[in-house]
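> Sequence and predicted structure, then a few things I'm wondering about:
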Amino acid sequence: MSFRNYVKFAKRNIKRTPFQAAAASLSMFSAFLALIGFLLISIGLQLTLQFYESRPQVMAFFKDGTTREDISAIEDNLKGNYQVTKTKYVSKEEALQIYKRLNQGKDPLLTELVTASTLPPSLEISTITLQDLAPVAEILKQEPVVEDVVFPEDVVSNLSTATLLVRIIGGVIVGYLILYAILQILMIIGFKIRLKRNEIETMRLLGASTSFIRNPFILEGMFYGVVGATAAWTVIYIMLWYFTPYIQGGYLGEIRLLPPNPILMLSLLIIAILLACLVGALGSFGATRRYLRI
């Protein structure tokens, strides 16, 4: 029997029981909506971590009267530290320009009352990883000419905790939903097999092969998986594009996560469809093994 005939029989089975088909597709939709959503959140957290790792992560502000030679000596000392990847000196004049840029469009008094002389020179230091921030900050705090040291002390722990929680919670929820989808397909295909038991027995008496009976049911399960996964991917993609201006502009700021990368989304779609075919086939194969005894 050709593949086209298998598709024809599977299509006929789906049309005969549209409500069961809708229920199976919705189960797959729920599972893959959670799977794709948690994958995107996990990827977003990883990109956020990389963003912070690429920024000047420790800022040392110097006391008034500190000479450029003193600051250069500290730079040379830090550059000899394997944890430091880059340093950048910010003069009083540059600090004033940064201050004006950050406060542009706000109360004019915020910029008029501030001059270069009131702002301290500073040193921006980048490290290999976020875990290297604390040791470098401690080195800077010991310098007598350093007034204050600022670095995102909680970023490492917060991002690490959030990533771990997303992976654990996401894994549990997705695992449960995929198992539920497999069982749902198993029950629906099993129900259809019982309804067609007499027809299947007749086919056996006429010499129908195992694959002739089983393959249309497996294709049917794969169809439910592909429909559910594609629908879930489409809904998430539309929602990401719709909410991009609100999320990116209101919460993410300089962290460019949205709009989503089309190549990334296409890769997620391909992965989701392949996994959906596997899940649908497993559910259908389990049903045929149980109810057909073949």
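Perfect, thanks for sending it. Worth saying up front: this structure is predicted, and the values here are computed from it rather than measured. Residues are numbered from 1 along each chain as shown.
> Report the buried residues of stretch 275-285.
275-277, 279-285 (16 or more other Cβ atoms under 10 Å). In short, each C-beta sits where N, CA and C put it, glycine included.
> Ok, stretch 283-294 next?
283-288, 291-292.
> buried set for stretch 35-53?
Buried, per 16+ other Cβ under 10 Å, within stretch 35-53: 35-42, 44-45, 48-49, 52-53.
> now the helices: where do they sit in the stretch 1-150 of the chain?
For the stretch 1-150 of the chain, helices defined by DSSP state H, counting those that start in this stretch occupy the ranges 3-16, 18-53, 68-79, 92-102, 109-112, 133-141.
> closest one to residue 223 among these?
helix 3-16 (6.5 Å; Cβ to Cβ).
> count of neighbours near the residue nearest to residue 63 when sequence neighbours are not counted?
Spatially, and ignoring its direct neighbours in sequence, residue 63 is nearest to residue 147 (4.7 Å; Cβ to Cβ, 6 or more residues apart in numbering). Using other Cβ atoms under 10 Å, residue 147 has 14 other residues around it.
> what's near enough to touch residue 147?
61-63, 120 (Cβ atoms under 8 Å, 6 or more residues apart in numbering).
> for residue 233, what are its contacts?
Residue 233 neighbours (Cβ under 8 Å, 6+ apart): 32, 36, 265, 268-269, 272.
> same thing but at 10 Å, please
For residue 233, the contacting residues are 29, 32-33, 35-36, 265-266, 268-273, 276, by Cβ atoms under 10 Å, 6 or more residues apart in numbering.
> Turn the buried ones among those into a named ChimeraX selection, would you?
Listed next is the ChimeraX selection for buried residues among the contacts of residue 233, using 16+ other Cβ under 10 Å:
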select :29,32,33,35,36,265,268,269,272,273,276
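> on that earlier part again, so for residue 170, which of the helices of the stretch 1-150 of the chain sits nearest?
helix 18-53 (3.1 Å).
> Residue 196 and residue 204 touch, don't they?
No: counting by Cβ atoms under 10 Å, residue 196 stays clear of residue 204, with 11.8 Å between them.
> what two of the buried residues of stretch 283-294 have the greatest distance between them?
Longest span within those, Cβ to Cβ: 283 and 292, 14.1 Å.
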